[in-house]
Every structure is written in structure tokens, then in C-alpha cells.
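*Asks:* let's see this in three dimensions:
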Amino acid sequence: MIRFWKRTAAKEAGECGLRVATAMLSDTGCHREINEDYVLVVSPLDTAICSKKGILALVADGMGGHEAGEVASRLAAETVKRSYYETSGSAGVALAAAFQEANRKVLKLARRRKNYSGMGTTCTALVLMGELAFAAHVGDSRLYLVRRHGIYQMTEDHTAVMDMVRRGILNTEEAQKHEDRSVLLRALGTHDQLDVSVWTEPLKVMREDRFVLCTDGLHDLVHDDEILRIVESSEPQSACAALVTLARERGGYDNVTVAIVSLKSAPNEDEIELRETRDAEVCK
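*Replies:* Down below sits the predicted model:
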């Protein structure tokens, strides 16, 4: 019997002429006892808040040993969520400020508790506000855009191997197989100064766009073209399940986490269905 933990959710909301469908799924994988990933999607039911601050989706991949990684990713994600919705200013400015606050909180806890020393986390966040998308990113979790039968990686991994690719020491194929591909150059909660990658300009979204946020437990085992095929051919909740299943079938060496935000033309208001978040612990 393999015992694993899943966090799932699905929600739909109408906003600015678009129907936004979201889903998320987090799985411990086949070899880990603890899920150090964290995922959340926030779609405010208050129309004023939703119009002003938008929908937030986030994935985080914690590190730091037994329990510490789980603490780091959860604390970072919840801090980013709270801080983003409480911070005034543009979405990009609010996201950057939220990441900095999360960095301070994780670092403070790591220094105060000996058993949390050295913990940290990746963090990749997307904000969808009307017809504009904003993003902030630290680490090697990823944000993809699926558009018009193509898939585009919208974040750059902050790893030692990707730094070698940028400097021409390795090519992309060599980087994918390199034994140090998971060595991070940036992580939230490990240093006083945090360099956050934030989009300087928002992205204008299009009908049928799909955003995929995932941790390396997924993108290390599932190729970009496979993500494209699954996301294009399935509704968000089914696509999340299919992606996690594929990663597990290929070994599931790490925790596997994915969130999908899908845009379509909005139906009439009375056709919109809302499905609230649900948590489940599953045995197989």
C-alpha cells in the first residue's frame, strides 16, 4: 500500500467577459514520505476585490529536510497570498512586495528554530486581472503558457545548470540530463536579500489561453510537448490528474504539484458553476 496525500481544487468564475476555470493537485510522489510542495488558487467571490486584485495562483517547493521544507513552502505561500491582497499598488509591485515579506518570514523562522535551519522554498505566482496577467518567480518551479497549440516557458529556472546554459557552457539538452540540474541559485528564505524575477510588463491574455504552474517533480519527468497535449485535450481538473499520474508512472521521485488556470469566453451568469476547494487524503 502506498500512502500519498493529495490537495485538489476546482473553481470557475466569470470576469471581464472571460470564464476562468482553475484546478490544482499536489501529490507526494512515489518515494517521499512528506509533501514539501504547496499550491493554492485564490479566486475572490467579492467582485470588487476580484476586479481590483484579480485571481492568484501559486506553487512552492520547499527544501530543508524533515518537515522544514513543508513549513517553508506553506509559510511562503500563505504570506504571499495575504500580503498580495493587502498591498496597494500595481499587481507587479504588490507581488514583488509579497515575495519580499515571505522571504523575511521564512528566514526569521529558520533562524529562530534550530530544526528549521537552512530551510527555503521556490515560489512561482501568477495573477490574472481582467485581461492582463502578471507573474513573479524565484527558484525552479515553472510557469507555462499554452496558446494556439504551442507551449511557452514563461519563467527561467534559477539553477546552476541554467546559468551554465546562459554562459554557453552547456546546451539545453545537456542541462536536462545534468546531475546538478536541481541546484538552486535563488530560493526564498535562504538569504537576507532576495532577487525576485517579476514581469516588467503584464501579458495581454487571449481567449483559450491556459497557464500551467508546476514544481520540478512534474517538469523533470513530463516533457513540455506532453504538458501541451494533455492541457489542450482536457479540462483543468482532468489535466492536473493526468499530469500527476504520468509523473508517478515515470518514477515520481519527488513531490508532484500542478495548478492550471484556463480562460474561455464567459457564458451567461446563470450558467457559471462554482465548486469549492476540497482536501482529501487518499490511500492506494
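
*Asks:* what about E86, neighbour count?
*Replies:* 12 (other CB atoms under 10 Å). All C-beta atoms are positioned from the backbone trio N, CA, C, and that covers glycine.

*Asks:* give me the phi and psi angles of it.
*Replies:* Note on E86: its backbone torsions stand at phi -100, psi -10 [degrees, to the nearest 10].

*Asks:* going forward, begin numbering at 27 instead of 1
*Replies:* Done: numbering now begins at 27, and the last item shifts to E112.

*Asks:* separation between it and K134?
*Replies:* From E112 over to K134 the distance is 19 Å, taken as CB to CB, to the nearest Å.

*Asks:* same check, this time on V85
*Replies:* As judged by CB to CB, V85 and K134 stand 23 Å apart.

*Asks:* quick check, G118 in a helix?
*Replies:* Yes: counting by DSSP: H, G, I helix; E, B strand; the rest coil, G118 is found in a helix.

*Asks:* any idea how far apart the tips of stretch 161-168 sit?
*Replies:* Start-to-end span of stretch 161-168 (CA to CA, to the nearest Å) is 11 Å.

*Asks:* same check, this time on stretch 142-159
*Replies:* Stretch 142-159: ends 34 Å apart by CA to CA.

*Asks:* so V85 and K134 - more neighbours on which side?
*Replies:* V85 (30 against 12).

*Asks:* which helices and strands does the helix or strand that contains that one pack with?
*Replies:* Using DSSP states H and E, V85 sits within strand 81-89. Helices and strands touching strand 81-89, by 3 or more CB pairs under 8 Å, 6 or more residues apart in numbering; DSSP states H and E, are strand 44-53, strand 63-68, helix 94-112, strand 146-147, strand 149-155, strand 236-240, strand 282-291.

*Asks:* save those as CSV, and put in distance to D250 and mean pLDDT too.
*Replies:* Shown next, in CSV, are the helices and strands packed on strand 81-89 (distance: least, CB to CB, whole Å; pLDDT from 0 to 100):
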stretch, distance to D250, mean pLDDT
strand 44-53, 19, 93
strand 63-68, 20, 97
helix 94-112, 24, 97
strand 146-147, 24, 98
strand 149-155, 16, 97
strand 236-240, 10, 98
strand 282-291, 13, 93
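
*Asks:* and the ones you listed, which is most packed in?
*Replies:* Burial of these is given as mean neighbour count (mean count of other CB atoms under 10 Å); strand 146-147 ranks first at a mean of 30.

*Asks:* low-confidence stretches in the protein?
*Replies:* Scanning the chain for pLDDT under 70 picks out 27-44, 189, 191, 193, 197-208, 291-310.

*Asks:* residue closest to the middle of it?
*Replies:* V85 (2.7 Å; CA atoms, centre = their mean).

*Asks:* find the nearest non-adjacent residue to that residue, please.
*Replies:* L239 (4.5 Å; CB to CB, 6 or more residues apart in numbering).

*Asks:* so who does that neighbour touch?
*Replies:* By CB atoms under 8 Å, 6 or more residues apart in numbering, the contact list for L239 reads 65, 83-85, 150, 152, 167-170, 284-287.

*Asks:* direction included, what does the strand holding V85 pair up with?
*Replies:* Neighbouring strands of strand 81-89 in its sheet, by DSSP bridges, are strand 63-68 (antiparallel), strand 146-147 (antiparallel), strand 149-155 (antiparallel).

*Asks:* could I get these as JSON lines with distance to L196?
*Replies:* Listed next are the strands paired with strand 81-89 as JSON lines, based on distance: least, CB to CB, whole Å:
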{"stretch": "strand 63-68", "distance to L196": "27"}
{"stretch": "strand 146-147", "distance to L196": "24"}
{"stretch": "strand 149-155", "distance to L196": "23"}
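
*Asks:* out of those, flag the one nearest Y178.
*Replies:* strand 149-155 (13.4 Å; CB to CB).

*Asks:* ok, residues contacting that closest one?
*Replies:* Residues from elsewhere that reach strand 149-155 (CB under 8 Å, 6+ apart): 46, 77, 79-86, 99, 102-103, 106, 110, 117, 121, 124-125, 128, 159-165, 167-169, 181, 214, 228, 231, 237, 239, 287, 289.
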